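Asks: Could you work out the structure for the sequence below:
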Amino acid sequence: MGRVLTNNLSLACAAEEAIGVLPATPSWKLLEPNTINNFGAAITTVARSPISRNRQRQKGTITDLDSAVEFAADLTLDSFLDFIEAFCFAALVGPPVFTPTAVVGGGSSGYTVASGGALAEGTLVFARGFANAANNGLKVVAADSTAVLSRVDGLVEETGPPANVQVEVCGVQGVTSDITVNAGGNLTATALDFTTLDLTVGQSIWVGGEATATRFAEAANRGFARITAIAANLLTLDKKSQDFTEDDGSGKTIHLYFGRFCRNVAVDDGDYLERSYHFEAAFPNLEEPGPGDEYEYAKGNFCNRLSFELPLAGKAALTLAFIGTDTEPPSTTRADGADSPIVPLRRTAFNTSADIARLRVQQVDETGLSTDFKSLTLTLANNVSPEKVIGLLGAKYVNAGVFEVGFDGQLLFSNPAVAAAIRDNETVGLDFAVRNEDGAILIDLPSLTLGGGGREYPVNESVLINVTGAAFEDQTLGTSLGVSLFPFAPAS
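Replies: Next up, the predicted model:
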């Protein structure tokens, strides 16, 4: 008799090439759920109930099928990156990510890649997953990179690295005394051309390296900042961690850190992306007669709802909900490639005590309203619905509705301007960043209005105010959400 323990099953996903259809060689990724709230098909049957002296129902028929997947997981870089494009319905843009096939050691050491390895001198990359510690971490690209070798000094030979290794472009190192802060608090350069860095207006960067030689002498000129304009020798910024002051960067090789960027876009934008997923639930010891394994596949899943939960003094968490077209009964037949999924690489959970790098609500002029949050839940909703047709059990299509971004939060009632902003329907912004040794994520809601405002009065504690937020299209950026990813960000 088969019996499956929850702790023994596994969950994996693969992107589809068409709704409900896997590509010829699918790439499966192992997931790390904490709970699986829903997986599979819910069948609707309608019984026959004829007028009869027998006074009994007759066997009915299957009339409908709804397929869905929902699970909760710790917020890690990998759990976030697996699905953020699909939830935003937009492709990540920005600098490249490589999966090297080998590491060359010796005097001409570097990472061997399929293509695109001709990176400019001074490019910063971050490597993960290699067996040799010397091949991991933050690296500076040397002058003689080629199309198949990102030249980095000090590496050791390594062949056949694991399938989940990554080398990501994570920033740039300026030449000595080149990057400066001008009187307006923006970045300038002469040798460096900012338009060559694959940056996007609305994206956030981190200014200043860990070493004294790679950060500005003025301590204020450090931290997160958002890009508002990009010119060859001028990078215009707002939403800085603090006001930047003029600094000529004399004697410094300043580091700027950044990564890929995702924001919601219009359906006719070149970055618009519709992505659906296959999910596999692997049930050990289910086959009868057994023991043996069986596999169940939920097909044609679109990203419906994503919630970020930042509780007080706990782990940050994600809840991900998908709506699909069908889930077939378990069988012993397994999809191609599902037996060797890619294992998550960036698995360190973010906590809400030490890993919150920034969390604030501010007015459009960047005047701070509050940074004293007790809790925050941010929700992305695509209002997905299945499209059903006569003659087919389950859905034939899945439709995406209006993209909505909002939050529920509880703050210390430390600024009456919060209550005023609610009453006046004032446009404000919210951004928060989490950071650990795997990198950083910065979420930016450039334009939103606040709601709620109810107070709580706990005895022997601070007065609290409960607020909601509803993001809307920013008139300058054209988006309601910006997500900046950092393969590496300094601790402070």
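
Asks: Now for G270, how many residues are close by?
Replies: 9 (other C-beta atoms under 10 Å). The way it works is simple: take the backbone N, C-alpha and C, and place the C-beta from them, glycine included.

Asks: unless I'm mixing things up, K315 is touching A349, no?
Replies: Yes. Between K315 and A349 there is a contact under C-beta atoms under 8 Å: 5.1 Å.

Asks: which neighbours do the two share?
Replies: D74, L75 (C-beta atoms under 8 Å, 6 or more residues apart in numbering).

Asks: tally of neighbours for G137?
Replies: G137 has 12 neighbours, counted by other C-beta under 10 Å.

Asks: hang on, I meant F350
Replies: The local packing of F350 (other C-beta under 10 Å) involves 24 other residues.

Asks: try V97
Replies: There are 17 residues near V97, going by other C-beta under 10 Å.

Asks: cool, and D339?
Replies: 13.

Asks: ok so it is a strand residue?
Replies: No. According to DSSP: H, G, I helix; E, B strand; the rest coil, D339 belongs to no strand; its state is coil.

Asks: Relative to A282, how far out is it?
Replies: 9 Å (C-beta to C-beta, to the nearest Å).

Asks: Do a quick rundown of the helices in the chain.
Replies: 77-81, 84-88, 416-423 (DSSP state H).

Asks: Low-confidence regions, the stretch 1-150 of the chain specifically.
Replies: Within the stretch 1-150 of the chain, the ranges that satisfy pLDDT under 70 run 1-2.

Asks: those strands in it, which residues are they?
Replies: 10-15, 28-30, 33-48, 58-74, 97-98, 102-104, 110-112, 123-128, 137-140, 149-151 (DSSP state E, counting those that start in this stretch).

Asks: Reformat those into a markdown table and put distance to R358 next to each item.
Replies: Converted to a markdown table, these look like this (distance: least, C-beta to C-beta, whole Å):
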| stretch | distance to R358 |
| --- | --- |
| strand 10-15 | 30 |
| strand 28-30 | 29 |
| strand 33-48 | 26 |
| strand 58-74 | 20 |
| strand 97-98 | 24 |
| strand 102-104 | 35 |
| strand 110-112 | 32 |
| strand 123-128 | 21 |
| strand 137-140 | 21 |
| strand 149-151 | 31 |
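
Asks: so which of those strands is the most packed in?
Replies: strand 110-112 (a mean of 25; mean count of other C-beta atoms under 10 Å).

Asks: who does it pair up with?
Replies: Neighbouring strands of strand 110-112 in its sheet, by DSSP bridges, are strand 102-104 (antiparallel), strand 149-151 (antiparallel).

Asks: right, and the helices of the chain - which one's nearest A133?
Replies: Nearest to A133 among these is helix 77-81; the distance by C-beta to C-beta comes to 19.7 Å.

Asks: what packs against that closest one?
Replies: Here helix 77-81 touches strand 439-456, going by 3 or more C-beta pairs under 8 Å, 6 or more residues apart in numbering; DSSP states H and E.

Asks: What is the burial count for V343?
Replies: 14.

Asks: quick one, what contacts it?
Replies: Neighbours of V343 in contact, by C-beta under 8 Å, 6+ apart: L30, P162, N164.

Asks: how far away is it from L477?
Replies: The value you get for V343 to L477, if C-beta to C-beta is used, is 36 Å.

Asks: For the helices of the chain, give me TSV that also has distance to L119 and mean neighbour count.
Replies: TSV is the format used below for the helices of the chain (distance: least, C-beta to C-beta, whole Å; neighbours: other C-beta atoms under 10 Å):
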stretch	distance to L119	mean neighbour count
helix 77-81	21	23
helix 84-88	23	22
helix 416-423	45	16
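
Asks: Tell me which of the ones you listed sits nearest to F98.
Replies: Among the helices of the chain, helix 77-81 comes nearest to F98, with 15.2 Å by C-beta to C-beta.

Asks: Can you tell me what sits against the closest one?
Replies: With C-beta under 8 Å, 6+ apart as the test, helix 77-81 has contacts from 31-32, 73, 318, 344-348, 438-439, 441, 485.

Asks: Show me how far it is from its chain's centre.
Replies: How far helix 77-81 lies from its chain's middle: 5 Å, per C-alpha atoms, centre = their mean, to the nearest Å.

Asks: okay, the helices of the chain in a markdown table with distance to P446 next?
Replies: Shown next, in a markdown table, are these (distance: least, C-beta to C-beta, whole Å):
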| stretch | distance to P446 |
| --- | --- |
| helix 77-81 | 20 |
| helix 84-88 | 14 |
| helix 416-423 | 15 |
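
Asks: between those, which gets nearest to E387?
Replies: helix 84-88 (18.2 Å).

Asks: before we move on, back to that, out of the helices of the chain, which comes closest to A217?
Replies: Closest to A217 of these, according to C-beta to C-beta: helix 77-81, at 31.7 Å.

Asks: residues in contact with N132?
Replies: By C-beta under 8 Å, 6+ apart, the contact list for N132 reads V103, L155, V156, E158.

Asks: do that again at 10 Å, thanks
Replies: V103, G105, L155, V156, E157, E158, P161 (C-beta atoms under 10 Å, 6 or more residues apart in numbering).

Asks: what do you get for E456?
Replies: E456 makes contacts with K374, Q410, F413, S462, V463, L464, I465, N466, as judged by C-beta under 10 Å, 6+ apart.

Asks: Show me the one in those residues that has more neighbours than the rest.
Replies: Of the contacts of E456, with other C-beta under 10 Å as the count, I465 tops at 24 neighbours.

Asks: tell me the phi and psi of the closest residue to it other than its chain neighbours?
Replies: In this structure, I465 finds its nearest non-sequential neighbour in F413, 4.4 Å apart by C-beta to C-beta, 6 or more residues apart in numbering. F413 has phi and psi values of phi -80, psi 80 when expressed as degrees, to the nearest 10.

Asks: In this structure F413 contacts P458, no?
Replies: No. In this structure, F413 is not within contact of P458 by C-beta atoms under 10 Å, at 11.3 Å.

Asks: Overlap in contacts, these two.
Replies: L464.

Asks: Let me see the ranges of the strands in the stretch 301-450 of the chain.
Replies: For the stretch 301-450 of the chain, applying DSSP E, counting those that start in this stretch gives strands covering 317-324, 326-327, 356-363, 368-370, 373-381, 385-387, 397-399, 404-412, 428-436, 439-456.

Asks: What is the neighbour count of T352?
Replies: Neighbour count for T352, taken as other C-beta under 10 Å: 21.

Asks: what's the answer for the one 4 residues further on, then?
Replies: Using other C-beta under 10 Å as the criterion, I356 is surrounded by 18 other residues.

Asks: so it touches D431, yeah?
Replies: No. Checked against C-beta under 10 Å, the pair I356 and D431 is beyond contact range at 11.6 Å.

Asks: OK, contacts around the residue lying closest to S447 once chain neighbours are set aside?
Replies: With sequence-adjacent residues excluded and distances taken as C-beta to C-beta, 6+ apart, S447 is closest to D474, at 4.2 Å. Taking C-beta under 10 Å, 6+ apart as the contact definition, D474 lies against 202, 263, 364, 427, 429, 444-448, 480-482.

Asks: Could you do F472 as well?
Replies: Contacts of F472 by C-beta under 10 Å, 6+ apart are E404, V405, G406, T427, L445, P446, S447, L448, T449, S480.

Asks: Ok, G394 next?
Replies: 20, 41, 43, 64-67, 299-300, 324-328, 386, 388.

Asks: low pLDDT regions in the stretch 251-400 of the chain?
Replies: Looking at the stretch 251-400 of the chain by pLDDT under 70, you get 289.
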